[in-house]
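[1] just coords:
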């Protein structure tokens, strides 16, 4: 079965980015020339996923407005013959169906995924975490789709992190079944270094079985007092296999201000229109310091 639906949990409070996120959703902060959330949305669309379910929350109306049509703005751009700008703001809203579901309170990633149950129903579906911007020769989600098509079960993206970082991620114990493809033996959410079974971390791309909803409904609050998706996947593993795959690409973790700034600089340097002038500016700036 083809994957046609994707869930984007974007209901977080963005407290690490305060005060900027007091009125502006973190997912709408501009990463160079487009909002953070647009990178993962474009990734989904690029592989033919065209029903996008965004799990929002209070104060996230800007995300809904952004992916909606803006007839007044479109009219002005047409009158001014600003065709490139017009195409930029209409392309995404015309190539996918956007569904917005409000998560009434921030109760964790697992709970956010559960909010999508009425729309997903009985289909396998993708999950994109907007904080993880992944740039490569082909979309990161395509590596998961390849494994899903072969094995017909849930798949997660994996990346080796440093041992000092394992406490920030869901960590897996695995057995390798082919190059860069693994069958998952166990999962643990945010373990301490001494309890981590490996340094293979689950990164923000998933393809999940609809059985995950029943598993989420069975678990109680885990690390941080939240409903953890990793805990639900551990239950799912008792019923059916889960696979992992190392994707090829550069990941920018935009979950903190420091890493967001680093991502902005790197992507600006690579930007087709901005890169040359920005590099010149940085070189001059460094010389003056």
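    Here it is on my side, so go on. Values in this document were obtained by computation on a predicted structure and should not be read as measured data.

[2] and residue 248, what is it in contact with?
    Counting by CB atoms under 8 Å, 6 or more residues apart in numbering, residue 248 touches 136-138, 143. Bear in mind the C-beta positions are built from the backbone N, C-alpha and C, glycine included.

[3] hmm, try it at 10 Å
    Contacts for residue 248 (CB atoms under 10 Å, 6 or more residues apart in numbering) come out as 134, 136-138, 140, 142-143, 180.

[4] Most neighbours among these, which one?
    Comparing these by number of neighbours (other CB atoms under 10 Å), residue 140 comes first, having 26 neighbours.

[5] I'd say it and residue 129 touch.
    No: counting by CB atoms under 10 Å, residue 140 does not reach residue 129; the two are 11.1 Å apart.

[6] any shared contact partners between the two?
    40, 157, 203-205.

[7] returning to what we had before: show me the contacts of residue 248 that map onto helices.
    Among the contacts of residue 248, DSSP state H puts 140, 142-143 in helices.

[8] any idea how far the residue lying closest to residue 160 once chain neighbours are set aside is from residue 16?
    Using CB to CB, 6 or more residues apart in numbering and skipping the chain neighbours, the partner closest in space to residue 160 is residue 199 (5.6 Å). Distance of residue 199 to residue 16, computed by CB to CB, to the nearest Å: 24 Å.

[9] in this protein, which segments are predicted with low confidence?
    For the chain, applying pLDDT under 70 flags the ranges 222-224.

[10] tell me the phi and psi of residue 160?
    Torsion angles at residue 160 (phi, psi; degrees, to the nearest 10) stand at phi -80, psi 130.

[11] what's the neighbour count on it?
    Count around residue 160 with other CB under 10 Å applied: 11.

[12] my read: it touches residue 244, true?
    No: applying CB under 10 Å, one finds residue 160 not in contact with residue 244, separated by 11.5 Å.

[13] how far does stretch 147-158 sit from the chain's center?
    The chain centre lies 17 Å from the centre of stretch 147-158; the measure is CA atoms, centre = their mean, to the nearest Å.
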